[in-house]
Each structure stands twice: as structure tokens, then as C-alpha cells.
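Undergrad: Pasting a predicted model and its sequence here:
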Amino acid sequence: MSKAVCAACHHAIDDAARVCPYCGSDPRTGEKNIDTQALLQEVFQPRRVMSPAEGVLEYARQRQGIVIALGVLIVLLILAGLHEFVVRRNATAVSDAAAVPLTDVADLSNQAQETKPLPMPELQFQYDGNPKAMRTYIVEPGAVPPSAGPAPSPANAAGGSGATPQQ
């Protein structure tokens, strides 16, 4: 930090000073007609007037952690109050609906026959001698079975000419 000497009072002051802290004059010229208020307003910006809502928002921005914690606490208190309200109301609430006997709710012997599972249908297998060509058909009442025509021989199935080998 370099030192300068005030031209008016000859005290050693900081080189960057615009006003002498001892006499209040300009340290370079020694003049005392300096408008200190203008200089102070230039260096220190005046605070702008905020509305109460802006003040609250600025406070919240500066202390976000506290605001978030308080918000979570308020939400939890609201949920706890709502839970307590519902529990108390359900403990004292009376329904106007007709009562249902427990036997209607839990007795499975009174159910209709249409809700019982149907038995598995009989499975009929057709087998033409080749285990890879075995097929399963589910036969329902009134269904027409597939035609029982000649099964393809293994040579025809493999793309052969269909002629039998000669001996």
C-alpha cells in the first residue's frame, strides 16, 4: 500500500483516497469544496426501497435452506392434521346403508354354479407315426373333427420327388 501526503493538512494517507480522512479536503489539490455527499453516493449506492413482498422474497432467497425446511414441516403438519381428522371421523361415523351379514361376505358355499371353474376338455391326439408331426386338438361339443386324409410321407415332407427308391 503506497502512501501519499495530503496537500492541505500534510498527513500521510492512502494513495487511492479521494478525500483526506483528517481534514475532509481533496488530498491532491487541498480544496475543501468537495461535495462529500455526492462522493459517498457514488461509492456507496443508496439502498432502493422495497415493498414488504419483495423484502420477504429477498429474505427467502438468502435463506433457502430454512425456507425449504419450514415448508416441509408445514406440509407434514397439514398431512398429520388431515390424517387425524379422517381417523376421528371414521371412528364416530355411522352408515345409513343396510347391514350385510358376514356369511354373505365369507361363505363360498352359497355361490352360483356359473362361478365354478369348468373341467378340462378331453384331449384327443392324432399320431401319424412321426413323433414330430403329433398334433393336439381340443374337441368341443358340436365341433367338426379335421379330415383324416393320408399323412404326408417323410420323403414328401423333405421335398423329395415322391417316388419310392428302387431295389
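TA: Thanks, I have it. Just so you know, these numbers come straight off a predicted model, no measurement behind them.
Undergrad: Tell me which other helices or strands the longest helix anywhere in the chain touches.
TA: Using DSSP state H to define each element, the chain has its longest helix at helix 64-92. Helix 64-92 is packed against no helix or strand, with contacts defined by 3 or more Cβ pairs under 8 Å, 6 or more residues apart in numbering; DSSP states H and E. The way it works is simple: take the backbone N, C-alpha and C, and place the C-beta from them, glycine included.
Undergrad: ok, which stretches of this structure are strands?
TA: 3-5, 12-14, 123-126, 135-138 (DSSP state E).
Undergrad: Just the pLDDT at Val87, thanks.
TA: Per-residue confidence (pLDDT) for Val87: 90.
Undergrad: gap between it and Gly81?
TA: Using Cβ to Cβ, to the nearest Å, Val87 is found at 11 Å from Gly81.
Undergrad: what's the answer for Gly30, then?
TA: Counting by Cβ to Cβ, the gap from Gly30 to Gly81 is 73 Å.
Undergrad: more neighbours, those two?
TA: Gly30 (14 against 10; other Cβ atoms under 10 Å).
Undergrad: Least confident of the strands of the chain, on average?
TA: strand 135-138 (a mean of 60).
Undergrad: Wait, Thr29 touches Arg18, no?
TA: No - in this structure, Thr29 is not within contact of Arg18 by Cβ atoms under 8 Å, at 11.3 Å.
Undergrad: which stretches of this structure form helices?
TA: Using DSSP H, helices in the chain cover 36-43, 52-62, 64-92, 102-106, 154-157.
Undergrad: closest to Pro121 out of those?
TA: Closest to Pro121 of those is helix 154-157 (Cβ to Cβ; 29.5 Å).
Undergrad: got the domain boundaries for the chain?
TA: Using automatic domain parsing, the domain ranges for the chain come out as 1-46, 54-90.
Undergrad: Buried deepest among the ones you listed, which one?
TA: domain 1-46 (a mean of 13; mean count of other Cβ atoms under 10 Å).
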